[in-house]
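Student: A predicted structure for the sequence below; I have some questions about it.
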Amino acid sequence: MKKRVLITGGAGFIGSHLCDYLIARGYFVICMDNLITGSMENTRHLLNRKDFRFVKHDVTKYINIKGALNYVLHFASPASPVDYLRYPIKTLKVGSLGTHNALGLAKLKNSGFLLASTSEIYGDPLINPQPESYWGNVNPIGVRACYDEAKRFAEAITMAYRRDHKVNTRIVRIFNTYGERMREKDGRVIPNFISQAESGAPLTVYGTGSQTRSFCYVSDMVKGIYRLMLSNMPGPVNIGNPNEMSVLKLAKTIIKMTGRRSGIVYKRLPSDDPRVRRPDIKLARTCLKWKPEIPLEKGLGITIKWFKEKQARGKSAHERNMRICKSR
């Protein structure tokens, strides 16, 4: 029998790529999502497969899955500033109630459990790069706290279930990830810049653009998560690309790669925006034998091509609808 995996938030950006990756490796995947920020478009190509099932459900409510489960991968949560600032209470609830319910299901099914945590755990870090041993510099009442503290609670309850209930848990701390299936208005820097460049608009840089980020292509991220899932490491484990660059340099790179002549406009830096973000991946390198393989320009090239094709499909669909309306 195929091993069965539940992925909460499976219609989201990383979650949907995990669905593809696990199915390709012989797993039966149950994708659960309430579609607040996920999209059926991300998993539509899987709907007719016998080794895939989609369940629309809010994980802050009791989760009921029939049959055995080998793994529960908990990826349900808004993950971009635009989303979690729009849904602060929902974000806190999915990090607390949702994680509690997912852990309860893993305990019931005697399955492995993997929590998708985040580099936001470290807040605006005072050390760079950030190792897993760093406790972070987080504002617990700031505007971003709904996400930061939800994930910090999720890690705490995951470790409590491991210690008290002996659930076989893993925690991955995900650093900035990019690639196909990101939304144009996602709110994260790479889709923002690509969408602005492709539309001919100036790219919006907050502050001076000197703040740094480290970008990991989604296929590398998924491989790292999979290796952690199969390992004996409880974590937390940083998965990300340690190559750091400024936001301003990223903007100039995307303008060059899209072939556009977009300018750059500067706006006020958002509250509690981290000044640096770079993972220390020694643990992943040593224990998971993992490291990122896709260079930034290669990954950006694939992502830009995907955004262009998506925009072209959207334009064609709009023109087709307009022709239909005019013919009536």
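Tutor: Okay, I see it.

Student: shaky segments in this structure?
Tutor: 314-328 (pLDDT under 70).

Student: which residues in it form strands?
Tutor: 4-8, 28-33, 52-56, 71-74, 112-118, 169-174, 177-178, 203-206, 212-214, 216-217, 237-239, 244-246, 264-267 (DSSP state E).

Student: Need these in JSON lines (columns: mean neighbour count).
Tutor: C-beta: built from backbone N, CA, C; applies to glycine. Formatted as JSON lines, the strands of the chain follow (neighbours: other C-beta atoms under 10 Å):
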{"stretch": "strand 4-8", "mean neighbour count": "25"}
{"stretch": "strand 28-33", "mean neighbour count": "25"}
{"stretch": "strand 52-56", "mean neighbour count": "16"}
{"stretch": "strand 71-74", "mean neighbour count": "28"}
{"stretch": "strand 112-118", "mean neighbour count": "24"}
{"stretch": "strand 169-174", "mean neighbour count": "24"}
{"stretch": "strand 177-178", "mean neighbour count": "24"}
{"stretch": "strand 203-206", "mean neighbour count": "19"}
{"stretch": "strand 212-214", "mean neighbour count": "21"}
{"stretch": "strand 216-217", "mean neighbour count": "24"}
{"stretch": "strand 237-239", "mean neighbour count": "27"}
{"stretch": "strand 244-246", "mean neighbour count": "16"}
{"stretch": "strand 264-267", "mean neighbour count": "12"}
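
Student: who touches the residue lying closest to residue 25 once chain neighbours are set aside in this structure?
Tutor: Counting by C-beta to C-beta, 6 or more residues apart in numbering, residue 25 lies nearest to residue 226, which is 7.8 Å off, once chain neighbours are set aside. By C-beta atoms under 8 Å, 6 or more residues apart in numbering, the residues touching residue 226 are 18, 21-22, 25.

Student: List only those of the residues you listed flagged as buried.
Tutor: 18, 21-22 (16 or more other C-beta atoms under 10 Å).

Student: returning to what we had before: out of the contacts of residue 226, the closest to residue 98 would be?
Tutor: residue 18 (17.0 Å; C-beta to C-beta).

Student: Next up, the contacts around the closest one.
Tutor: Residue 18 neighbours (C-beta under 8 Å, 6+ apart): 7, 10, 73, 75, 222, 225-226.

Student: taking those residues one by one, which sit in helices?
Tutor: 222, 225-226 (DSSP state H).

Student: Pipe those residues into a markdown table and attach distance to residue 176 per row.
Tutor: Listed next are the ones in helices among the contacts of residue 18 as a markdown table, based on distance: C-beta to C-beta, whole Å:
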| residue | distance to residue 176 |
| --- | --- |
| 222 | 15 |
| 225 | 15 |
| 226 | 19 |
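
Student: Now residue 126: phi and psi?
Tutor: Torsion angles at residue 126 (phi, psi; degrees, to the nearest 10) stand at phi -100, psi 0.

Student: ok, it - contacts?
Tutor: Contacts of residue 126 (C-beta under 8 Å, 6+ apart): residue 137.

Student: re the thing from before, turn the contacts of residue 226 into CSV, including distance to residue 304.
Tutor: Shown next, in CSV, are those (distance: C-beta to C-beta, whole Å):
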residue, distance to residue 304
18, 23
21, 22
22, 27
25, 28
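
Student: just those residues now: which is nearest residue 120?
Tutor: residue 18 (19.7 Å).

Student: Please tell me how far the closest one sits from residue 72.
Tutor: 12 Å (C-beta to C-beta, to the nearest Å).

Student: Hmm, residue 131 and residue 280 touching each other?
Tutor: Yes - between residue 280 and residue 131 there is a contact under C-beta atoms under 8 Å: 4.1 Å.

Student: who has more neighbours, those two?
Tutor: Neighbours per residue, other C-beta atoms under 10 Å: of residue 280 and residue 131, the larger number sits with residue 280, 18 against 13.
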